[in-house]
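Q: Using only what follows, build the 3D model:
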Amino acid sequence: MKNPFHLAFPINDIEETKSFYKKHFNCEIGREDKKWVDFDFYGHQLSAHLRPEELKNTKKNSVDGKDVPVRHFGVILEWETWHQLSSKLKENDIDFIIDPYIRFKGEVGEQATMFFLDPSGNALEFKSFKDSSQVFAK
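A: Sure thing, here's the model as predicted:
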């Protein structure tokens, strides 16, 4: 990976967060302290910080008639990998806030997407493009 990103985000509970990210995404644990923990998230560095007071008042925008949490993060996966993760999450009874579906079917930018929350209420979006060259297509 050429330039992995770093993202810090608030959580309610370190052990619960570690369990969630390890179980669903096979994240390796990096450095950690009493108030934070780092994850290898598909080659990117996530830093979860114990700050429950920052998790209130989540805002949403309407996109395709669905309420999308404004603050969210995730990864763009290969098409087959996205479908495998979607199946795994369904098997693990993840409560989707936007069920897995295909946007722009048959159009430029056709993509699979799904939204769900981690245990602290952080919104995650995982997506995949049918044609990866169209990630930034207009």
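Q: Report all helices and strands that the helix or strand containing E125 contacts.
A: Element membership for E125, per DSSP states H and E: strand 123-129. On a contact count with 3 or more C-beta pairs under 8 Å, 6 or more residues apart in numbering; DSSP states H and E, strand 123-129 meets strand 72-73, helix 79-91, strand 111-117. C-beta: built from backbone N, CA, C; applies to glycine.
Q: Next, the buried residues of the second one.
A: This points to helix 79-91. Neighbour counts over helix 79-91 (16 or more other C-beta atoms under 10 Å) mark 82, 85-86, 89 as buried.
Q: pull the CA atoms of it into PDB?
A: In PDB, the C-alpha atoms belonging to helix 79-91 read as follows (Å, rounded to 0.1, in the frame of the first residue of the first chain):
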ATOM      1  CA  TRP A  79     -16.000  -7.000  -5.500                       C
ATOM      2  CA  GLU A  80     -15.800 -10.600  -4.300                       C
ATOM      3  CA  THR A  81     -14.300  -9.600  -0.900                       C
ATOM      4  CA  TRP A  82     -17.100  -7.200  -0.300                       C
ATOM      5  CA  HIS A  83     -19.700 -10.000  -0.900                       C
ATOM      6  CA  GLN A  84     -17.800 -12.300   1.400                       C
ATOM      7  CA  LEU A  85     -17.700  -9.700   4.200                       C
ATOM      8  CA  SER A  86     -21.400  -8.900   3.600                       C
ATOM      9  CA  SER A  87     -22.200 -12.600   4.000                       C
ATOM     10  CA  LYS A  88     -20.000 -12.900   7.100                       C
ATOM     11  CA  LEU A  89     -21.700  -9.900   8.800                       C
ATOM     12  CA  LYS A  90     -25.200 -11.300   8.000                       C
ATOM     13  CA  GLU A  91     -24.100 -14.600   9.600                       C
END
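Q: what's downstream of it, the next helix or strand?
A: Counting by DSSP H and E, the next helix or strand C-terminal to helix 79-91 is strand 96-103.
Q: List the strands paired with that next one, with their directions.
A: strand 111-117 (antiparallel) (DSSP bridges).
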